[in-house]
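Asks: sequence and predicted structure, then a few things I'm wondering about:
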Amino acid sequence: MFFRAKKSGPRTYLQIVENRWEQGGSRQRVIATLGRLDELRADGTLDSLLRSGSKFSETLMVISSHRRGESVRVASRRIGPALVFERLWQETGCQKVIEKLLGGRRFDFSVERAIFLTVLHRLFDPGSDRQADRWREPYRIEGVSTLQLHHLYRAMAWLGEELPGGGQSGTSRVGRRSTKDLIEEELFSRRRDLFSGLQLVFFDTTTICFEGNGGQTIGQWGNSKDHRPDLKQMVVGAVLDQEGNPVCCELWPGNATDVKSLLPVVERLRSRFGIGQVCIVADRGMISQQTLAELESPDRGWPYILGARMRTQKEVRQEVLSVPGRYRLVHPQSPSKKDPSALKVKDVVIDGRRYIVCLNEDQARKDAADREAILSSLREKLKQGDKALVGNKGYRRYLKTTGERFEIDEQKVLAEARYDGKWVLRTNTDLPAEEVALKYKQLWMVESLFRTLKSVLETRPIYHRRDETILGHVFCSFLAFVLMKELQSRAERLGYALEWADVIRDLDRLQETELEQDGKRFLLRTEASGTCGKVFQAAGVALPPTVRQVA
């Protein structure tokens, strides 16, 4: 039964209606017409009727008593995070894989629960393991109530624990394999049907700096992408498939370079995951003559698509960009933001080396407008004779000196215009130029995910003193990334475009309060607001009832 507002001419009447199944179909029958809705509201009859009826509903009585402050509040817990991500933790195989690898090991606590707690903390309030231990208090998370801080540390150490000698084929971190490698390989194996058509992988690196000493070997001084040269760091690389699903992560000491890290990753893909051959897609920081020679060597022969440095590589700057030829249209210009961005490509071959020059004319116009804005401002500044302009990088790239004065170097301006809207790729594949360009554009998706990995799933601060606990700490962020990507993929399949910040906020607000009334205990759930409904649907989890009695 339900209430229905029925319009009749200028008036609206309130009715009680029931649904019945008759002759193979649903039929509605009016039980009673209570009167004009405006009059029922005005004289308080409707409110009185609803209050009177609520006495016969235990659910409504609990809610009403709670609002009036008549029930005893026993405890309150946030339930959204664990409800959703516990299901994803199980269905991605993370729980079973970890429990399988723990078989035969005798810990005096649940290592799997300690890892899940750390991963959940990375998703909702990233920070140190000490912070994770404090963060869990107001949450309802199955099986973590007896965990202590030193249990989290021991779980991190197990993840980074080196495998016995027989398990060292297919090296990993600093030449040694660890438990985390086995977890990655098992997860990959469980999803093998999805990877059976794997044709390309994306690789990118970032750096993570330490608040402490950075372990025994992994924390080193290096070129910091965090712009923190005062801190030791490690290099973290991640491999993703063409759909953006994480395959594995690798860690090196902080003084490793991007170029030197690419080749070991290529070899490990083959040895660790049994991949015959895939196309490696990586950004321009991975190009060097030695790297290209190794990738093209008869022993390896790996196909690749690598970004080229237009301004610093002499061959690209002087020859590739100077070769005439018509561009082929891939995507036309479109006023709709939902359509792919405008793209043209052309093939250029220099002494057998294949390059793809890509052009986005919309971006070219923006680059030209931005440059003109800088030059216009610079001309005004030069009229004032401000020599401090040389300290501004945006200005300095267009300046030259003539004795004691600075002036705009028109040759530099013309040279810079050659790069407007363009990027150049180096590849040894036979793929059409259009396909090469589109595959490389997918790498931007990976770079975006890396920014997520560093900001949303912030791994710092890291205070651990041992390499194995550092590795475990960082690997928990990778596992969090696995769950995050799984939820996003499920939501996209349902047609939901969810902002991650909204998902985290709305799930974190969902609470369940334990109340005591008339000698009984009830759990009262708050309203599922914002994106909660869609997130629970995507995860395949049913929302708990608004009110339920507990033993």
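Replies: Looks like it came in fine.
Asks: pLDDT on the longest helix anywhere in the chain, on average?
Replies: Ranked by residue count, the top helix of the chain under DSSP state H comes out as helix 467-493. Helix 467-493 carries an average pLDDT of 90.
Asks: now it: how far from the chain's centre is it?
Replies: 8 Å (C-alpha atoms, centre = their mean, to the nearest Å).
Asks: tell me the helices and strands packed up against whichever helix or strand comes after that helix.
Replies: Note on helix 467-493: by DSSP states H and E, the next helix or strand toward the C-terminus is helix 500-509. Secondary-structure packing of helix 500-509 (3 or more C-beta pairs under 8 Å, 6 or more residues apart in numbering; DSSP states H and E): helix 80-91, helix 111-124, helix 467-493, helix 532-539. Quick note: C-beta positions are derived from backbone N, CA and C, even for glycine.
Asks: turn the ones you listed into CSV, including mean neighbour count and distance to Ala293.
Replies: Output for the helices and strands packed on helix 500-509, formatted as CSV (neighbours: other C-beta atoms under 10 Å; distance: least, C-beta to C-beta, whole Å):
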stretch, mean neighbour count, distance to Ala293
helix 80-91, 21, 43
helix 111-124, 24, 39
helix 467-493, 22, 31
helix 532-539, 20, 46
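Asks: neighbours around the closest residue to Ala433 other than its chain neighbours, how many?
Replies: Counting by C-beta to C-beta, 6 or more residues apart in numbering, Val345 is the residue found nearest to Ala433 once chain neighbours are left out, at 4.4 Å. Val345 has 20 neighbours, counted by other C-beta atoms under 10 Å.
Asks: next one: Gly301
Replies: Neighbours of Gly301 (other C-beta under 10 Å): 10.
Asks: kindly report the same for Lys520.
Replies: Neighbours around Lys520, by other C-beta under 10 Å: 13.
Asks: please apply the same query to the one 4 residues further on.
Replies: By other C-beta under 10 Å, the residues close to Leu524 number 21.
Asks: try the one 3 residues further on
Replies: For Glu527, the tally of surrounding residues (other C-beta under 10 Å) stands at 10.
Asks: does it belong to a helix, a strand or coil?
Replies: With DSSP: H, G, I helix; E, B strand; the rest coil as the basis, the three-state label of Glu527 is coil.
Asks: just the pLDDT for it.
Replies: Glu527 carries a pLDDT value of 85.
Asks: look up phi and psi at it.
Replies: The phi and psi torsions at Glu527 (degrees, to the nearest 10) take the values phi -70, psi 140.
Asks: and the helix or strand hosting Arg521, what other elements does it pack with?
Replies: Secondary-structure element containing Arg521, defined by DSSP H and E: strand 520-525. Helices and strands touching strand 520-525, as assessed by 3+ C-beta pairs under 8 Å, 6+ apart, comprise helix 58-68, strand 511-517, strand 547-550.
Asks: CA atoms of that strand as PDB?
Replies: The C-alpha trace of strand 520-525 is given here as PDB (Å, rounded to 0.1, in the frame of the first residue of the first chain):
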ATOM      1  CA  LYS A 520      16.200  -4.400  22.600                       C
ATOM      2  CA  ARG A 521      19.200  -3.300  20.400                       C
ATOM      3  CA  PHE A 522      18.900  -1.900  16.900                       C
ATOM      4  CA  LEU A 523      21.200  -0.700  14.200                       C
ATOM      5  CA  LEU A 524      20.100   2.600  12.600                       C
ATOM      6  CA  ARG A 525      21.700   3.500   9.300                       C
END
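Asks: for the stretch 51-200 of the chain, what spans make up the strands?
Replies: 72-78, 200-209 (DSSP state E, counting those that start in this stretch).
Asks: and for the stretch 251-400 of the chain?
Replies: Using DSSP E, counting those that start in this stretch, strands in the stretch 251-400 of the chain cover 279-282, 304-308, 328-331, 343-350, 353-359, 399-402.
Asks: most packed of the ones you listed?
Replies: Ranked by mean neighbour count under mean count of other C-beta atoms under 10 Å, the strands of the stretch 251-400 of the chain are led by strand 279-282, which reaches a mean of 24.
Asks: residues contacting it, please?
Replies: Strand 279-282 is contacted from outside by 199-204, 262, 266, 295, 302-307, 429, 431, 439-440, 442-443, using C-beta atoms under 8 Å, 6 or more residues apart in numbering.
Asks: host element of the closest residue to Lys7 other than its chain neighbours?
Replies: Ranked by C-beta to C-beta, 6+ apart and with sequence neighbours excluded, the top spatial neighbour of Lys7 is Tyr13, at 7.9 Å. Counting by DSSP H and E, the element that carries Tyr13 is strand 11-22.
Asks: coming back round to it: least confident of the helices and strands packed on strand 520-525, on average?
Replies: helix 58-68 (a mean of 53).
Asks: list the buried residues of stretch 492-504.
Replies: Within stretch 492-504, the residues that count as buried by 16 or more other C-beta atoms under 10 Å are Tyr496, Leu498, Val503, Ile504.
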